[in-house]
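Q: Turn this into a model:
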Amino acid sequence: MARMGAELRRQDFVEATIKVIAEHGVANSTTRRIAAAAGCPLASLHYVFHTKNDLFYAVYESLFNLPHQALEHVPAGTTAADTTAEVLRQLITWFIDHPDAAKAQSELFFWALRNDPEMASKIYSVAIEATEQALERAVGAELGEKFLKAASRLLVQLVDGLTIAWSAHGDLHRLRAETETACAALALLVASH
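A: Prediction:
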């Protein structure tokens, strides 16, 4: 039997955890269930991740890195406002294509808020920083630093709100319509800057 590298095994556990959390919630995402979903021995999970919190943080890192990788090729709009709206649209499109990730992200954040507020704060800070970097790549120096930070926080809040609402109503058509409304509002804000 071929040996699997720790980094590949780590990614298998992260992907399995996303699926398990989306299906069972954080409280019922036992390490045994996660290892089974990854098709790996429980001991391997504990070797790669020393604590469940380490695993959950790795999942969250993955959940804000993967959608932002999709933003590396956001087509620039004719204005910073158009481009910023497109960033929001692309983030929501990524979550539409990865519904388990949308559910797992919300579940994990609320779990962290209740169980490890320091982790929740760190998760939120890293998400805003990653969004700020993606937005800065997309619009360049068109937005001042202070406004770029504010627009990035708003983008994160819009994505979170839209994905949580989608989890509640489950209507993809409604999500797309609400996303377009949010994109229009965000574009107006950026254009007024």
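Q: which of the residues in stretch 162-181 are buried?
A: For stretch 162-181, burial by neighbour count (16 or more other CB atoms under 10 Å) applies to Leu162, Thr163, Trp166, Ser167, Leu175, Arg176, Glu178, Thr179. C-betas here are computed from N, CA, C, even on glycine.
Q: So which other helices or strands are in contact with the helix or strand harbouring Glu7?
A: Glu7 is part of helix 6-24 when elements are defined by DSSP states H and E. Secondary-structure packing of helix 6-24 (3 or more CB pairs under 8 Å, 6 or more residues apart in numbering; DSSP states H and E): helix 31-38, helix 42-48, helix 52-70, helix 99-115.
Q: Lowest mean pLDDT among the helices and strands, pick that one out for this structure.
A: helix 52-70 (a mean of 80; mean pLDDT, DSSP states H and E).
Q: elements contacting it?
A: Helix 52-70 makes packing contacts with helix 6-24, helix 31-38, helix 80-97, helix 99-115, helix 117-139 when contacts are defined by 3+ CB pairs under 8 Å, 6+ apart.
Q: Turn these into CSV, including distance to Leu188, mean pLDDT and mean neighbour count.
A: CSV is the format used below for the helices and strands packed on helix 52-70 (distance: least, CB to CB, whole Å; pLDDT from 0 to 100; neighbours: other CB atoms under 10 Å):
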stretch, distance to Leu188, mean pLDDT, mean neighbour count
helix 6-24, 34, 90, 19
helix 31-38, 43, 96, 18
helix 80-97, 7, 91, 21
helix 99-115, 26, 89, 19
helix 117-139, 15, 86, 17
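Q: now these as a markdown table including distance to Val190?
A: Shown next, in a markdown table, are those (distance: least, CB to CB, whole Å):
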| stretch | distance to Val190 |
| --- | --- |
| helix 6-24 | 32 |
| helix 31-38 | 41 |
| helix 80-97 | 4 |
| helix 99-115 | 25 |
| helix 117-139 | 8 |
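Q: So for Phe49, which of these sits nearest?
A: helix 6-24 (6.6 Å; CB to CB).
Q: how far is the closest one from where the chain is centred?
A: 15 Å (CA atoms, centre = their mean, to the nearest Å).
Q: next one: stretch 128-144
A: On CA atoms, centre = their mean, the centre of stretch 128-144 falls 17 Å from that of its chain.
Q: contacting residues around it?
A: The contact list for stretch 128-144, computed with CB atoms under 8 Å, 6 or more residues apart in numbering, reads 64-65, 68, 71-72, 74, 76, 80, 83-84, 86-87, 148-149, 151-153, 155-156, 190, 193.
Q: what residues are up against Gln11?
A: Counting by CB under 8 Å, 6+ apart, Gln11 has contacts Ser62.
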